[in-house]
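*Asks:* What would the 3D arrangement of this be:
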Amino acid sequence: MPKLLFPILAVVAIAGLIVLWPPQKRASLPPAQTIAADIEPMTTADRIAQPPLRQTFTNEPYRLVISAADQWQTPRARGQLYEGDTLRWQKDLPHEYGPRFALIGPAGQVLLLDEFINVASPYALTLIDLDGEVVVQRSFDDVQKALDISPAILTEQATSGWWISAPPRLHVRSSRALVETGGTTLEVDLATGELSRRADL
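*Replies:* Numbering: from 1, shown residues only. This next block holds a predicted model:
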């Protein structure tokens, strides 16, 4: 066999191996957009809503100011009651992000209702007198028992917070607050904090 034939046979053999050897698949990562689709960016709705940094409620000559203690870096709120230009009291409030509603009675009593956060609050009703002393504090459970209405009905009919159906108002002829809830009206005596259910409203 001629010497030239050996190199030719070697080339042919190598070429055959290349053709017959099955191609190897590379391991691949999922497309980048698949990973991104599984992680949704935070939307505005995901953030906790916050009240204004400062709110003012008036019933002349009284003025109640509720403000963020630290620009809402924490939920702490502060209350200040003025009679004319005279500061009658100021204190940190236990309500997270402040109360949902506030009323001022004719003798400077302050009624704070519910918390801004939507929970069954221990501070459903807080009555503070003109000197800044807490007269009474009522929880959601206390309200429910006074009304003798199931918690489910109170929460289902609520449109403002956990249990209130409409913004509270002062009774025009007495020192009482009226709060619509659960298809009825809760009456709060602003002198004593006593709760009762109004059958005539």
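
*Asks:* Low-confidence ranges, this structure, go.
*Replies:* 1-48, 172, 199-201 (pLDDT under 70).

*Asks:* run the last query once more with 90
*Replies:* Along the chain, the parts satisfying pLDDT under 90 run over 1-50, 117-119, 153, 155, 157-162, 171-175, 183, 198-201.

*Asks:* Pull the number of nearby residues for N118.
*Replies:* N118 is flanked by 14 other residues according to other CB atoms under 10 Å. Yep, even glycine has a C-beta here, placed from its N, CA and C like the rest.

*Asks:* now the strands: where do they sit in this protein?
*Replies:* Per DSSP state E, the chain carries strands over the ranges 54-59, 62-68, 77-83, 86-93, 99-104, 110-115, 125-128, 134-138, 169-170, 176-181, 184-189, 195-198.

*Asks:* Would you mark the buried spots in stretch 164-182?
*Replies:* Neighbour counts over stretch 164-182 (16 or more other CB atoms under 10 Å) mark 164-165, 168, 170, 176-182 as buried.

*Asks:* Excluding sequence neighbours, find me the nearest residue to L112.
*Replies:* Sequence neighbours aside, P99 is the residue nearest to L112 in space, at 3.9 Å (criterion: CB to CB, 6 or more residues apart in numbering).

*Asks:* Please tell me how far the one you found sits from T74.
*Replies:* 16 Å (CB to CB, to the nearest Å).

*Asks:* Which one's more surrounded, these two?
*Replies:* Comparing P99 with T74 by other CB under 10 Å, the one with more neighbours is P99, at 30 against 11.

*Asks:* most packed of the strands of the chain?
*Replies:* strand 110-115 (a mean of 26; mean count of other CB atoms under 10 Å).

*Asks:* Please name every helix or strand in contact with that one.
*Replies:* strand 77-83, strand 99-104, strand 125-128 (3 or more CB pairs under 8 Å, 6 or more residues apart in numbering; DSSP states H and E).

*Asks:* Report all helices and strands that the shortest one contacts.
*Replies:* Think strand 125-128. With 3+ CB pairs under 8 Å, 6+ apart as the test, strand 125-128 has strand 110-115, strand 134-138 packed against it.

*Asks:* Next, name the residue at the spatial heart of this protein.
*Replies:* Residue closest to the mean C-alpha point of the chain, counted by CA atoms, centre = their mean, is I117 at 3.4 Å.

*Asks:* For that one, which non-adjacent residue is closest in space?
*Replies:* E96 (4.8 Å).

*Asks:* what about the one you found, how many neighbours?
*Replies:* By other CB under 10 Å, neighbour count at E96 equals 17.

*Asks:* Tell me how far it lies from A177.
*Replies:* Taking CB to CB, one finds E96 at 22 Å from A177.

*Asks:* again, but for P151
*Replies:* 21 Å.

*Asks:* Same question for R63.
*Replies:* 18 Å.

*Asks:* for I164, same thing?
*Replies:* Distance from I164 to A177, by CB to CB: 12 Å.

*Asks:* Great, nothing more from me.
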